[in-house]
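**Student:** from the sequence below, what's the structure:
(chains A and B)
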There are 2 protein chains.
Amino acid sequence: MSRDASPAAAAAPVHAFAGVFALVAPYMGELDRYLRGQLGSFEPEIRTMVDYCIDTSGKRIRPALTFLSGWRGPGTVNADLVRAAAVVELVHLATLVHDDIMDDADLRRSRRTASREYGSTAAVLLGDALFAHALHLATQFPTTEVCAAVSESTRRVCAGEIVQTLRRGTLNVTRADYQRIVDLKTAELFRVSCHLGARLAGFAPGFVDVAGRFGRHLGIAYQIYDDLVDFFGDESRTGKTLGTDLASGKLTLPLLALLERLDGAERAALLSEVAGEHAPQPAERARQMRELGVATAVAEAVHQEIEAARGALNGFGDMPPAPLLLALCDGLVGQVATLSVPESAPAVSG
Amino acid sequence: MSRDASPAAAAAPVHAFAGVFALVAPYMGELDRYLRGQLGSFEPEIRTMVDYCIDTSGKRIRPALTFLSGWRGPGTVNADLVRAAAVVELVHLATLVHDDIMDDADLRRSRRTASREYGSTAAVLLGDALFAHALHLATQFPTTEVCAAVSESTRRVCAGEIVQTLRRGTLNVTRADYQRIVDLKTAELFRVSCHLGARLAGFAPGFVDVAGRFGRHLGIAYQIYDDLVDFFGDESRTGKTLGTDLASGKLTLPLLALLERLDGAERAALLSEVAGEHAPQPAERARQMRELGVATAVAEAVHQEIEAARGALNGFGDMPPAPLLLALCDGLVGQVATLSVPESAPAVSG
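**Tutor:** Reported below is the predicted structural model:
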């Protein structure tokens, strides 16, 4: 999952999409009311726990994607969009609760994780209950379509996480594996969030497909950006502890690209850090990434996916959501520019 | 969750319902084929893991309840019943995978648990994927009804498990708490299994409600019986490690009833075992339960719930499922009789 629910994000909305999200603020307000209104549907014994999780929910990127993809202009809030957004957000929250157990994480948005607050056993079940309720809300649409789309996406998200988990600390990860993991664990829920927004707003099937494709590429771009932040972000700005991917043995794109450019003792040293045999040196690795053009190359990979997202909208520029979705792309480009990554690859880059 | 997937159950079908289940053997065969056929719907990377879980699936009580409640006589197998049975079984399997993580269990049906085989992190996600796929199958019915019923039941099962988990090792459990936990964690999935069977077989709404009520009472009876087995079962017969409830600090009905009958130092000693301050003495506690009439009283509680299940069918005896469901009750009564519980309460009982 993208780590988009971090301490600083709570304090200041300095994230990639803040500008565009302001447009759908009335929707976000409705979503909040809707989610709080769901508390009463949970068994009384677990309401406090559910409330605690909803409170630590992060930036709500996925609901915003639903609202933006279903945008028909300011005015009345479409209740179907709010319900669909609540479904994707609850699924996302459920995965965060389970992620924090698996990562043995202490904090999320400056608060103790559900796992720390209630114990990992209760947190496993709490995630399950959130997920079950998300799917239950999805059954309140007239047909099985939303529930089918979301349950399939969720299975794919889990599959992506499983693949990543089983590869953690191993050196058995290729670029193709990375792409597959990102496609499943992050891009899938971005995709379905956009798809449902366009679908429930009543746009024609052609645009619904386009919105889904846009979401998928934006999701890939966002995850690669997030993996880059782990080496080149500013802790005070992002509010994230950096260097965690190397420390947890996750071979993300920056690390894969660095490995491709190292040999001999340097390569062996990095491999032993990934395998957890030696203490990770993220600052030193970031320095190497800058020197060897890895940082620039990975930033370029983000830009390529953003271009693919923009390209998906080709020929649909007159649809109401198009300018908003394109603005999301601009926002992410702007965020990449804030990273301490050299603008162009140095001569030594491979 | 009831611990109904134990080593010996795999070896010999000496469980409460074996006789009646034989009637629906063609359904069980179809279910097996259907579940194996689902493997291809999972992402290739996780198929082996899913297959592993389906293989360790236990006695399939819940699917059998669906088949029996939808019974219209021998002959063609109703495909809707098979799909609904697969849904409830996959939900149950998902909860077992998560249970085994939480219980830190080594074995299930003489094989390593998914958690031991793939690690607890992957097992959390695997349970999620199984659950997501269960709900996805539920969306293949023409309306949202099945998915709505199953997702709501699942949330209730999780809530029950959470309450039980949070109370573990504490002395803060009343009989009312126990009833509530059993109603949610076990009876709910029994109820929905019966409800869906009757519903999908096309029986009238009156009987659909009756089948659900029957399932709920049978589920409560089954869980109390299972809690009794933990003290009075025969390890070689049940294939279960006994005494685990006391060891894990779970205040089940036998323990609650014993506490009500002890005072002074004896009561304090038992409380310290529940709290994990002293080594548990399940054999000694079972002896006290026999002497003080607890065993008989709890067996009586099982019988009362079985009577309530039978009573639910009053006036519906001419419905095709009725004799089969009543035979399930007889089967459970027979199982209770095999426990080493005195037939009637001794004079000292309170």
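**Student:** give me every residue that touches A:Phe231.
**Tutor:** A:242-243, A:245, A:254, A:282, A:285-286, A:289, A:295 (CB atoms under 8 Å, 6 or more residues apart in numbering or on different chains). For every residue, glycine as well, the C-beta is placed using N, CA and C.
**Student:** which among those gets closest to chain B?
**Tutor:** Nearest to chain B among the contacts of A:Phe231 is A:Asp245, at 15.7 Å by CB to the nearest CB.
**Student:** that closest one and A:Leu255 touch, don't they?
**Tutor:** Yes: contact status for A:Asp245 versus A:Leu255: in contact at 7.0 Å, counting by CB atoms under 8 Å.
**Student:** ok, these two, which is more surrounded?
**Tutor:** Relative neighbour count places A:Leu255 above the other of A:Asp245 and A:Leu255, with 26 against 23, counting by other CB atoms under 10 Å in any protein chain shown.
**Student:** what helix or strand is that one on?
**Tutor:** Using DSSP states H and E, A:Leu255 falls within helix A:253-261.
**Student:** that helix packs against which elements?
**Tutor:** For helix A:253-261, the elements it packs on are helix A:175-182, helix A:205-232, helix A:264-274, helix A:282-291, helix A:294-312, judged by 3 or more CB pairs under 8 Å, 6 or more residues apart in numbering or on different chains; DSSP states H and E.
**Student:** turn the ones you listed into TSV, including mean pLDDT and distance to B:Thr174.
**Tutor:** Putting the helices and strands packed on helix A:253-261 into TSV (pLDDT from 0 to 100; distance: least, CB to CB, whole Å) gives the following:
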stretch	mean pLDDT	distance to B:Thr174
helix A:175-182	97	47
helix A:205-232	97	48
helix A:264-274	95	52
helix A:282-291	95	52
helix A:294-312	97	56
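**Student:** please identify the most buried of the ones you listed.
**Tutor:** Most buried of these, by mean neighbour count (mean count of other CB atoms under 10 Å in any protein chain shown): helix A:205-232, with a mean of 24.
**Student:** check which element follows that helix along the chain.
**Tutor:** Counting by DSSP H and E, what follows helix A:205-232 is helix A:235-238.
**Student:** state the mean pLDDT of that next one.
**Tutor:** Averaged across helix A:235-238, the pLDDT comes to 70.
**Student:** what about that helix, distance to the chain center?
**Tutor:** Centroid separation between helix A:235-238 and its chain, computed with CA atoms, centre = their mean, to the nearest Å, is 18 Å.
**Student:** so which elements touch it?
**Tutor:** Counting by 3+ CB pairs under 8 Å, 6+ apart, the packing neighbours recorded for helix A:235-238 are helix A:7-11.
**Student:** the helix it packs on: what's the following helix or strand?
**Tutor:** Using DSSP H and E, the helix or strand that follows helix A:7-11 in sequence is helix A:18-23.
**Student:** neighbouring contacts of that next one?
**Tutor:** Helix A:18-23 is contacted by residues A:13, A:28, A:59, A:64, A:68, A:71, A:74, A:324, A:327-328, A:331 when judged by CB under 8 Å, 6+ apart.
**Student:** repeat that with 7 Å
**Tutor:** A:64, A:68, A:324, A:327-328, A:331 (CB atoms under 7 Å, 6 or more residues apart in numbering or on different chains).
**Student:** lowest-pLDDT helix or strand in chain A?
**Tutor:** When each helix and strand of chain A is scored by mean pLDDT, DSSP states H and E, helix A:7-11 comes last, with a mean of 39.
**Student:** coming back round to it: in a markdown table: the helices and strands packed on helix A:253-261, plus distance to A:Pro142.
**Tutor:** Below are those laid out as a markdown table (distance: least, CB to CB, whole Å):
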| stretch | distance to A:Pro142 |
| --- | --- |
| helix A:175-182 | 34 |
| helix A:205-232 | 17 |
| helix A:264-274 | 49 |
| helix A:282-291 | 50 |
| helix A:294-312 | 28 |
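**Student:** CA atoms only for stretch A:86-97, dumped as CSV, please.
**Tutor:** What follows is stretch A:86-97 as a C-alpha-only set of coordinates in CSV (Å, rounded to 0.1, in the frame of the first residue of the first chain):
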residue,chain,number,x,y,z
ALA,A,86,-16.8,5.3,1.4
VAL,A,87,-16.5,1.8,0.2
VAL,A,88,-13.0,2.3,-1.4
GLU,A,89,-11.9,4.3,1.6
LEU,A,90,-13.0,1.6,4.1
VAL,A,91,-11.3,-1.1,2.0
HIS,A,92,-8.1,1.1,2.1
LEU,A,93,-8.5,1.6,5.9
ALA,A,94,-8.8,-2.1,6.4
THR,A,95,-5.6,-2.7,4.4
LEU,A,96,-3.8,0.0,6.5
VAL,A,97,-4.9,-1.6,9.7
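**Student:** which residues are in contact with it?
**Tutor:** So stretch A:86-97 is in contact with A:1, A:5, A:31, A:34-35, A:53-54, A:57, A:60, A:62-63, A:66, A:108, A:114, A:123, A:126-127, A:130-131, A:133-134, A:137-138, A:146, A:150, A:154, A:157, A:189, A:192-193, going by CB under 7 Å, 6+ apart.
**Student:** cool, and stretch A:297-314?
**Tutor:** Applying CB under 7 Å, 6+ apart, the set of residues contacting stretch A:297-314 is A:210, A:213-214, A:217-218, A:220-221, A:224-225, A:228, A:253-254, A:257, A:322, A:325-326, A:329, A:332-333, A:336, A:341, A:345, A:349.
**Student:** before we move on, the earlier item: narrow the contacts of helix A:18-23 to those in helices?
**Tutor:** A:64, A:68, A:324, A:327-328, A:331 (DSSP state H).
**Student:** could these go into a markdown table alongside pLDDT, distance to B:Ala94 and neighbour count?
**Tutor:** Formatted as a markdown table, the ones in helices among the contacts of helix A:18-23 follow (pLDDT from 0 to 100; distance: CB to CB, whole Å; neighbours: other CB atoms under 10 Å in any protein chain shown):
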| residue | pLDDT | distance to B:Ala94 | neighbour count |
| --- | --- | --- | --- |
| A:Ala64 | 96 | 30 | 25 |
| A:Leu68 | 97 | 33 | 30 |
| A:Leu324 | 96 | 38 | 18 |
| A:Ala327 | 96 | 40 | 16 |
| A:Leu328 | 96 | 35 | 26 |
| A:Gly331 | 94 | 38 | 17 |
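**Student:** perfect, that will be all.
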